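> what's the 3D shape of this:
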Amino acid sequence: MGWLTRAVAAAALLSVTAACGSVPEGAVPDVSGAAADTGGGSAPPTANGTAGAEPVPEDCATSAEFPKRQLRGVWIATVRNIDWPSESGLSADEQRDELVAQLDRAAELGLNAVFFHVRPTADAVYRSEREPWARYLTGKQGGDPGYDPLEFAVDQAHARGLELHAWFNPYRVGWQEADIDHLVDDHPVRRNPDWMITYDDQGYLDPGNPEARAWVVDVVADVVDRYDIDGVHFDDYFYPYPAAGEAFDDDASWRAHGDGFDDRAEWRRDNVNQLIRDVHERVEQTKPWVRFGVSPFGIWRNRSSDPSGSATSGLQSYDALNADTRTWIREGWIDYVVPQLYWPQGFATADYAELAPWWAAEVAGTGVDLYIGQAAYRVGEDGWRGADALSRQLDLNTAHPEITGDVYFSMKDLDGRARQAVERVAADHYTRPALPPTADDARGTPAPVGGLAAEADAEGVTLSWEGGADDRMYAVYRVPADADLCALADAEHLVAVLGGEQRTYRDAYDGSEAVRYHVTALDAFRVESAPAEGVVVAPG
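Just a heads-up that it's a prediction; the model follows:
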């Protein structure tokens, strides 16, 4: 099939824009002074646009079937080698090959974010002067793997158009026999033994010790400062899960720091609140485009304990783990929340059909994004059978617009027990790519791409363009040639989301209708540029 290509004339583009409605003066934000001090990292440069580039009108009708912004993620756990590396002691090349394969799989499934476990047990899956290398890399704590896994993971994720959120466990030091008995000499707990409490054969940094809490905040801030990550992420481990017949012995810190609190539970919750607030503030000061989120246990409180709780009867994170997620949401101390709803619909103790709407109501009107933690690891169990085991959870989500994404636990299951189920999710819910959610405090819009060109042959179209040095991602759209700019308002015509280093794209389109391509740039805040002049490809 022969093809002809031509650039859309400026006059034609203006007529298309006019069909969508006029664009008010100042629709592209003024970003003068955008390079203000951010306390450790400057925001990427932004611009008001280029001649001929008009933004997509804000009043366009959109389809809920094709959400333009959606978080689609997966956890990659390093603790105990759950996901990566598959075993300790692999060579650097073997570790890199395994990680590349997992990132390829995530992109293949239509995901756009990975939550990479960088601090599993008060250690580091990155080069650190504060904490030792994690034993899961070489088999020995402090063993240098010969490269920086986090640096490699960030580069490889971004090359695939994937966000990378650095996942920290804030308090866990490890298991007694495997970890505590073998801490390296310069481990922070070796230098500060009063920071650790042993409970249920595990060691934990004491959340009530202000020095230990400040250490955790500094560890997180160090990673934010030195690595080009997109997010900071905590899981559900705060105070430890209850163990029968055991007490968490924080008597010393309670005596030293508990004045002013009516009971120890209230004080413990305040300790965790201070950690969450302090981490949020440090991240915001260092790089405001880095988003901070938490993945709590799925039940805040049962209705039997609090009338505003959920109609459930399981463990309560507010009481058992001293994690007051509601306060974090209402105070704006987190940017997103990912409750771990690892139960099927109809499960009486903790019904997914009860909990998903409950969390949706909690975030409504707060500015905190809600994604759901999905139990890929349970596929095949009772309540999780069938190819639609995960897809039917997402079906329910669509009735609640506050739910704007999902994260799957965990990576190994997406190629294992949940392979068929997650491929069904991709077919049912991820038929189009999605842009990641925007970060707060965005500073203007990135400049549009330039020089968009197309070369067509019998098998498809190759696009090329010029971008800016600070472009984080590119979005590629293929719309009908006569469509107006509202065709870019949702993801119905979005064909690819690419890493910021990629300035070409091969589209296998071989249809008989004329189409127009647009490419937009996204900055580190995930703000999308206006589409510059499109290029039309017509059958010849």
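
> I'd assumed residue 459 was in contact with residue 509.
No: applying Cβ atoms under 8 Å, one finds residue 509 not in contact with residue 459, separated by 9.5 Å. In short, each C-beta sits where N, CA and C put it, glycine included.

> who's more crowded, the two?
More crowded of residue 509 and residue 459, by other Cβ atoms under 10 Å: residue 509, with 16 against 11.

> if you average pLDDT over stretch 452-464, what comes out?
Mean per-residue pLDDT for stretch 452-464: 95.

> and it, which residues are buried?
For stretch 452-464, burial by neighbour count (16 or more other Cβ atoms under 10 Å) applies to 452, 454, 456, 461, 463.

> backbone phi and psi for the third one, please?
Dihedral angles phi and psi of residue 456 (degrees, to the nearest 10) take the values phi -110, psi 150.

> Same question for residue 474.
Here residue 474 shows phi and psi, under degrees, to the nearest 10, equal to phi -130, psi 140.

> And it, how close does it get to residue 494?
Per Cβ to Cβ, to the nearest Å, residue 474 is found 11 Å from residue 494.

> same thing with residue 184?
Applying Cβ to Cβ to residue 184 and residue 494 gives a distance of 48 Å.

> These two: who's more crowded?
Counted by other Cβ under 10 Å, residue 184 and residue 494 do not tie: residue 494 has more neighbours, with 22 against 15.

> Now do the contacts for the more buried one.
By Cβ atoms under 8 Å, 6 or more residues apart in numbering, the contact list for residue 494 reads 66, 68, 432-435, 475-477.

> Which of the residues you listed sits closest to residue 410?
Set against residue 410, the nearest of the contacts of residue 494 by Cβ to Cβ is residue 434 (20.9 Å).

> tally of neighbours for that closest one?
Residue 434 sits with 24 neighbouring residues when counted by other Cβ under 10 Å.

> can you check residue 299 too?
Neighbours around residue 299, by other Cβ under 10 Å: 27.

> My guess is it contacts residue 350. True?
Yes: using Cβ under 8 Å, residue 299 is in contact with residue 350, at 6.0 Å.

> which residues do those two both contact?
312, 314.

> Quick one: the strands in the stretch 201-350 of the chain, in order.
Taking DSSP state E, counting those that start in this stretch as the test, the strands found in the stretch 201-350 of the chain are 202-205, 231-234, 291-294, 336-337.

> ok, now the stretch 1-150 of the chain?
3-7, 71-76, 113-119.

> May I see the buried residues of stretch 83-90?
Residues 83-85, 88-90 are the ones in stretch 83-90 that count as buried (16+ other Cβ under 10 Å).

> same check, this time on stretch 395-415
Buried-residue list, stretch 395-415, by 16+ other Cβ under 10 Å: 397, 400, 402-414.

> From the chain's centroid, how far away is it?
From the chain centre to the centre of stretch 395-415 is a distance of 12 Å (Cα atoms, centre = their mean, to the nearest Å).

> For stretch 510-523, list the C-alpha coordinates in PDB.
The C-alpha atoms that make up stretch 510-523 are tabulated as PDB, following Å, rounded to 0.1, in the frame of the first residue of the first chain:
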ATOM      1  CA  ASP A 510      -2.000   0.100   7.900                       C
ATOM      2  CA  GLY A 511      -5.600   1.300   7.700                       C
ATOM      3  CA  SER A 512      -7.400   2.800   4.700                       C
ATOM      4  CA  GLU A 513      -8.400   6.000   6.400                       C
ATOM      5  CA  ALA A 514      -6.300   9.200   6.600                       C
ATOM      6  CA  VAL A 515      -5.000   9.800  10.100                       C
ATOM      7  CA  ARG A 516      -3.200  12.600  11.900                       C
ATOM      8  CA  TYR A 517      -0.500  12.000  14.500                       C
ATOM      9  CA  HIS A 518       0.300  14.200  17.400                       C
ATOM     10  CA  VAL A 519       3.100  13.900  20.000                       C
ATOM     11  CA  THR A 520       3.100  15.600  23.300                       C
ATOM     12  CA  ALA A 521       5.800  15.900  26.000                       C
ATOM     13  CA  LEU A 522       5.400  15.300  29.700                       C
ATOM     14  CA  ASP A 523       7.700  16.900  32.300                       C
END
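
> could you point out where the protein is predicted with low confidence?
1-52, 540 (pLDDT under 70).

> can you give me the helices for it?
Applying DSSP state H to the chain gives helices spanning 10-20, 92-108, 135-138, 149-159, 188-191, 210-226, 251-257, 264-286, 317-320, 325-331, 352-363, 391-397, 411-414, 419-429.

> Can you add distance to residue 384 and give these back as a markdown table?
As requested, the helices of the chain are exported to a markdown table (distance: least, Cβ to Cβ, whole Å):
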| stretch | distance to residue 384 |
| --- | --- |
| helix 10-20 | 45 |
| helix 92-108 | 21 |
| helix 135-138 | 28 |
| helix 149-159 | 28 |
| helix 188-191 | 39 |
| helix 210-226 | 34 |
| helix 251-257 | 41 |
| helix 264-286 | 31 |
| helix 317-320 | 22 |
| helix 325-331 | 25 |
| helix 352-363 | 11 |
| helix 391-397 | 9 |
| helix 411-414 | 11 |
| helix 419-429 | 8 |
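
> Which one, of those helices, ends up nearest to residue 499?
That would be helix 149-159 among those, by Cβ to Cβ, at 4.6 Å.

> quick one, the closest one and helix 210-226 angle?
If you take axes from the mean of the first three to the mean of the last three Cα atoms, to 10 degrees, helix 149-159 sits at 50 degrees to helix 210-226.
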